[in-house]
Each structure stands twice: as C-alpha cells, then as structure tokens.
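1. Sequence isn't available, so here's the structure alone:
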Ligand SMILES: Cc1cc2nc3c(=O)[nH]c(=O)nc-3n(C[C@H](O)[C@H](O)[C@H](O)COP(=O)(O)OP(=O)(O)OC[C@H]3O[C@@H](n4cnc5c(N)ncnc54)[C@H](O)[C@@H]3O)c2cc1C
C-alpha cells in the first residue's frame, strides 16, 4: 500500500541502500541523498573509510538483505564472493593452539565491503521509483512543531554543486552513519537531547590488501582460505602482538586483507612496522603468507570503533516522519561484525512495519522505535558482554571496577568453554553459530536446557581428559589439514571443497 508521495533517505551506504529497498513499495518516489560520487564498480570512497578493513556479513544480515533484494546472495557470489564453511576453510588459532578442521552448521559469503555495497547499489538502481542523487550534502531538516507531541519532520535541505535545494518529504530516514548530525538538528528544532549510551573499548584496526599467489605457487600445507588468530589469554611476558586479533581475510579476485586489531594497544601504521608486527604474532603462518603475496595497498588504520547507541526510542515525543537505520542510531565495535547485519535487520523491520501501516502518524514512528530497540538490544548486549571487561574501555556503559574485573575474569573462560563444547556437540555448535550470526540472543542460548547440558557434559569430559575432537595443535607448526568431521556432518558448500 502507498503511504505517501516522497520518502527521502539521508546517506547512500549499506544502511541507506537497504532502507531504499524497504521504502520503495510504499512511496511514489524514494530519493537517496549521498554526499559522495558513487563509483560504478567496487571502489573505496571518502564517506566509507572503513571499507579498507575486512567486513564479515553475518547470516542474519545476508538473509535480511536477501529478503529486501531477492537474488542478492547469488549476485554477490556471481560477482566473486566466496561461499565458504569457516569450520572447514578457516585455520583457527586460539589460546589452546590450532583447532581441528571439521564440517559445521555455518557457511558465510566472504567478500570485500566495497563489493557488498556495489551489489547492493546495483539492486537499488534496478528499482524504478528510487533515485540516488550523488554529490549532494544534506545540511538540515525542516520541521513543524519541534519537540511538541505532534512535532514532525516535513522535508530536507541539501546542497549540490549548483547551490542549495529543498525537498518536501512524507517520510525521512537518517542513514548518515556514526557522524550523523540529525540528533543536533532535532535539538536545535526543539526536541530534547536524546540519551547516548557509549562504550569505546579503544579498538584499533590496521589492514593491508594483498594479491594471493596462484594455487600452484602455494605450498601443499596452504589448504586454508581464511586465517584467524585469536588474542592469547597468556598472563606472562609476551609481545603485544599476542594480544592482537588477526585475520587474513579472503575476498573476491584472489585477494586477501591482512588485518591486525587490538583493544587499547598502539597499532602499526607504516608498512615496515606492519610487517615487523606481523612477524611477532603467535604463528609464523601470518607473516609467511604475506611474504608469498604481493601487497596492493598501503597500511590503513582506523580508530573509529566505539559502541554508540543514540536512544531516540526514549524520547517522549519522537518526531513523526523520521526514523534511523544503521550506525546513525547504533554503531558497534566492529570486532563483532554486527554493523551491516543490524542495519539490514532494521531496514527489514521497517518494511514489515510499513507493510502493516495504513498511515504514518506519530504512533507509527514510536512503535517502530520500540520494535527496533528490541532488535538492537541483541547485538548491543553481545558487544557489552565482551567490551565491559576491558580496562581500557571508556563511556557511559563502563561498569564499576569490581564488576569489570568479574566480567574480565569470567568472559574469557566462558567463551573458551562454549567454543570447546561447540567443537564436540552439534547442538551447542548450532546455537553458538546462531548467536554469532544474531539469530539468537546470548541470554536465550544460555537459558536453553539442552545447551546448558552440553556445556556441563563438555566440562566433565574435559576434566576427565576425554575429548572427542582434537585441538590445541602447535601454533608454530602449520595448522593440520585433516578433516575431523563425524560421518553425519553437513556437506561443505561447493566453493569450500
Ligand atoms: C574497521 C571497521 C570494520 C568493520 N567491520 C564490520 C564487519 O565485519 N561486519 C559488519 O557488518 N560491519 C562492520 N563494520 C561496521 C560497518 O562498516 C557499518 O556498520 C556499516 O557501514 C553501517 O553503514 P551505514 O550505512 O549506517 O553508515 P556508513 O557506512 O558510515 O555510511 C554513511 C553514509 O552517509 C553518507 N553521508 C554522511 N553525511 C552525509 C551528508 N551530510 N549528506 C549526504 N550523505 C552523507 C556517507 O558518505 C556514507 O555514504 C565495521 C566498521 C569498521 C569501522
């Protein structure tokens, strides 16, 4: 059902594109206003500097995007995305050593962030009533009755290279990312300042892009497609690099992004420092892989990674005709790979609300904000469960020191217990994959009696030294290529074999 003439989306990145797909069935025209000139191909651009770093697309996000744009997954794979099974295709090193390879329940599509966005852009460009205006900067909203119960957003001011323009809008969605100014514009128009929850765990990413050698040039021990090195829980003397989260992340076009990240540690920003650091991580495999590849970029460093939730849902009289999707409302520590999936989930939720609505009154925005709060609280709590344990973290959500210490002491062993049980127990593995992919909350998983039983059983078996699947292979040696899958395990996707 058509709910209005014009909807305007502020920003044309992942959240903006998903939102355009959600709005298209319900408005005569949807206008996306984007400050950058958008490339035809998969290329970096100024407004999305994080595209230089690896982006996991979680399965909840992949499904939400697929619901908004049928065929998205096939198009991403056709454009070069790699459909892999991480438990078979990733060499995974944690505090115990290398994990055994085995088939699991989870598959993922690996690609660069710029390819995800290009495929999304192509989908949006195929929608007849959506227009993307590039190279235009949104610089204000027009409102009526700001801050009052009937207060509403009525249009958008923006500037182009030819001068200032205005468009009247029945509905506006802010998708301008972490740095969005919309909150400030609302305050200037009479709405109260929204509460902002923050927790910045001082995460820094440093990444460099590489061309992979051809399969013939790789040693036989290079069976893996993705390399993951988890930070060590070691207490004694060790190089800072042992506390890095390291990825050698495969993307389209026989390329990979070598990425090191840390919580609160200074990271290398020159190519020499990057290579020196790489040699100090816990396995020689990472630097050794880079030595066999050809670098194609400089080193890129990003610090803009704090968790930040603007609580528009708590405004007593939220503006009619305006909602928020993506980082503009809730941005996460990227280590948990939740940003695009949460944005796509919000966009799909918006479409479901639009499908059910007969008009866009103040209650529509309020109801959507409440439903969106429920959706966002799942990834938010997951991020808090880890980041609140870090001493370096700062923000409104920093817990008292005694609680932080308890969290820091409990979260590492709890994570290891879940990982260990998931290795041996298909049901725990399935729920753990669901939590990682935002298909289930951590609380729901930990309340599930079958999961609790699986954890307890693993604990007892581990205490008796009776492990079903080997683990803890020597980090200095190559990760074992043996497939330890039980007979009944799911087949790997074709590209993974
Ligand atoms: C280092 C790093 C790694 C990450 N890894 C992952 C990951 O593995 N998985 C994952 O899901 N997420 C990851 N994320 C998060 C992910 O990048 C974001 O959640 C996602 O890009 C959100 O998209 P968005 O559209 O809300 O905002 P953005 O991508 O920031 O886009 C905002 C858009 O608005 C435009 N804009 C801004 N101001 C204006 C204006 N005034 N007028 C017009 N246009 C404007 C910008 O040009 C831009 O196109 C990572 C983030 C970082 C920093």
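-> Yep, it's here. Being a predicted model, the structure only gives us computed values, none of them experimental. Numbers count the residues shown, from 1 in each chain.

2. Name the residues of the stretch 51-200 of the chain found near the ligand, please.
-> By C-beta under 6 Å from any ligand atom, the residues of the stretch 51-200 of the chain that approach the ligand are 53-56, 137-138, 175-177. Any C-beta I mention is one placed from the backbone N, CA and C, and that applies to glycine too.

3. can I get those in JSON lines with neighbour count and pLDDT?
-> Shown next, in JSON lines, are those (neighbours: other C-beta atoms under 10 Å; pLDDT from 0 to 100):
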{"residue": "53", "neighbour count": "21", "pLDDT": "98"}
{"residue": "54", "neighbour count": "24", "pLDDT": "98"}
{"residue": "55", "neighbour count": "22", "pLDDT": "97"}
{"residue": "56", "neighbour count": "25", "pLDDT": "96"}
{"residue": "137", "neighbour count": "14", "pLDDT": "98"}
{"residue": "138", "neighbour count": "23", "pLDDT": "98"}
{"residue": "175", "neighbour count": "31", "pLDDT": "98"}
{"residue": "176", "neighbour count": "25", "pLDDT": "98"}
{"residue": "177", "neighbour count": "22", "pLDDT": "97"}
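
4. which among these gets closest to the ligand?
-> residue 177 (2.7 Å; C-beta to the nearest ligand atom).

5. Is the closest one in a helix, a strand, or coil?
-> Put simply, residue 177 is coil when judged by DSSP: H, G, I helix; E, B strand; the rest coil.

6. got the residues of the stretch 51-200 of the chain next to the ligand as a markdown table, with distance to residue 156 columns?
-> Shown next, in a markdown table, are those (distance: C-beta to C-beta, whole Å):
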| residue | distance to residue 156 |
| --- | --- |
| 53 | 31 |
| 54 | 34 |
| 55 | 28 |
| 56 | 33 |
| 137 | 11 |
| 138 | 6 |
| 175 | 13 |
| 176 | 11 |
| 177 | 16 |
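
7. Those: which two are farthest apart?
-> 56 and 137 (30.6 Å; C-beta to C-beta).

8. Residue ranges in the stretch 351-497 of the chain under the pLDDT threshold?
-> Along the stretch 351-497 of the chain, the parts satisfying pLDDT under 70 run over 487-497.

9. Now do the helices in it.
-> 362-387, 401-424, 426-436, 442-447, 449-463 (DSSP state H, counting those that start in this stretch).

10. from the ones you listed, which stretch is densest packed?
-> Counting by mean count of other C-beta atoms under 10 Å, helix 426-436 has the highest mean neighbour count of these, with a mean of 20.

11. Give me the helices and strands touching it, please.
-> When contacts are defined as 3 or more C-beta pairs under 8 Å, 6 or more residues apart in numbering; DSSP states H and E, helix 426-436 packs onto helix 401-424, helix 442-447, helix 449-463.

12. which helices and strands does the second one pack with?
-> Counting contacts by 3+ C-beta pairs under 8 Å, 6+ apart, the secondary-structure elements packed against helix 442-447 are helix 362-387, helix 426-436.

13. tilt between the first one and helix 426-436?
-> Following axes from the mean of the first three to the mean of the last three C-alpha atoms, to 10 degrees, one obtains 120 degrees for the angle between helix 362-387 and helix 426-436.

14. any idea how far helix 362-387 is from the chain center?
-> 15 Å (C-alpha atoms, centre = their mean, to the nearest Å).

15. elements contacting that helix?
-> strand 196-199, strand 307-310, strand 322-324, strand 330-331, helix 339-356, helix 401-424, helix 442-447.

16. circling back to that earlier point, which one of the helices and strands packed on helix 442-447 lies nearest to the ligand?
-> Closest among the helices and strands packed on helix 442-447, using C-beta to the nearest ligand atom: helix 362-387, at 9.6 Å.

17. Write out the residues of the stretch 301-450 of the chain neighbouring the ligand.
-> 302, 304-305, 326-328, 334, 337-341, 343.

18. tell me the least confident of those residues?
-> Within the set of these, pLDDT is lowest for residue 304 (88).

19. Check what pLDDT the closest residue in space to it that isn't next to it in sequence gets.
-> In space, and not counting its chain neighbours, residue 304 is closest to residue 178: 6.5 Å by C-beta to C-beta, 6 or more residues apart in numbering. Among the per-residue scores, residue 178 holds a pLDDT of 96.

20. doesn't residue 302 make contact with residue 178?
-> No: assessed by C-beta atoms under 8 Å, residue 178 is found out of contact with residue 302, at 11.4 Å.

21. thinking again about what came up before, ok, the residues of the stretch 51-200 of the chain next to the ligand vs residue 169, which is closest?
-> residue 138 (11.4 Å).

22. What separation do you get for the closest one and residue 76?
-> From residue 138 over to residue 76 the distance is 29 Å, taken as C-beta to C-beta, to the nearest Å.

23. Not counting sequence-adjacent ones, nearest residue to residue 50?
-> Counting by C-beta to C-beta, 6+ apart, the residue nearest residue 50 is residue 302, at 5.9 Å.

24. burial of the one you found, as a residue count?
-> Other residues near residue 302 number 17, with proximity taken as other C-beta atoms under 10 Å.

25. which stretches of the stretch 201-350 of the chain form strands?
-> 203-211, 226-229, 245-251, 255-263, 294-295, 300-302, 307-310, 322-324, 330-331 (DSSP state E, counting those that start in this stretch).

26. Would you reformat these as a markdown table and include distance to residue 27?
-> Shown next, in a markdown table, are these (distance: least, C-beta to C-beta, whole Å):
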| stretch | distance to residue 27 |
| --- | --- |
| strand 203-211 | 37 |
| strand 226-229 | 41 |
| strand 245-251 | 35 |
| strand 255-263 | 38 |
| strand 294-295 | 46 |
| strand 300-302 | 35 |
| strand 307-310 | 25 |
| strand 322-324 | 14 |
| strand 330-331 | 25 |
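
27. Residue 274: which of these is closest?
-> strand 203-211 (5.9 Å).

28. Summarise which helices and strands that closest one is packed against.
-> Strand 203-211 packs on strand 255-263, helix 271-279, strand 294-295, strand 300-302, going by 3+ C-beta pairs under 8 Å, 6+ apart.

29. among the ones you listed, which is the most enclosed?
-> strand 255-263 comes out most buried of the helices and strands packed on strand 203-211 by mean count of other C-beta under 10 Å, with a mean of 22.

30. quick check, it touching the ligand?
-> No: using C-beta under 6 Å from any ligand atom, we find that strand 255-263 stays clear of the ligand, coming within 7.8 Å at best.

31. Which strands border that strand, and is each parallel or antiparallel?
-> strand 203-211 (antiparallel), strand 245-251 (antiparallel) (DSSP bridges).

32. tell me which residues in the first one are buried?
-> It refers to strand 203-211. Under the neighbour-count criterion of 16 or more other C-beta atoms under 10 Å, strand 203-211 has 203-210 buried.

33. Just the closest of these to the ligand, please.
-> Using C-beta to the nearest ligand atom, those come closest to the ligand at residue 205, 4.2 Å.

34. my guess is that closest one meets residue 299, correct?
-> No: under the criterion of C-beta under 8 Å, residue 205 is not in contact with residue 299, lying 10.5 Å apart.

35. With residue 195 as the reference, measure out to the closest residue to residue 226 other than its chain neighbours.
-> Closest residue to residue 226 apart from its sequence neighbours, by C-beta to C-beta, 6+ apart: residue 90 at 4.0 Å. Distance from residue 90 to residue 195, counting by C-beta to C-beta: 39 Å.

36. Over to residue 185?
-> The value you get for residue 185 to residue 195, if C-beta to C-beta is used, is 17 Å.

37. more neighbours, the two?
-> residue 185 (20 against 13).

38. now the more buried one: how far from residue 99?
-> 49 Å.
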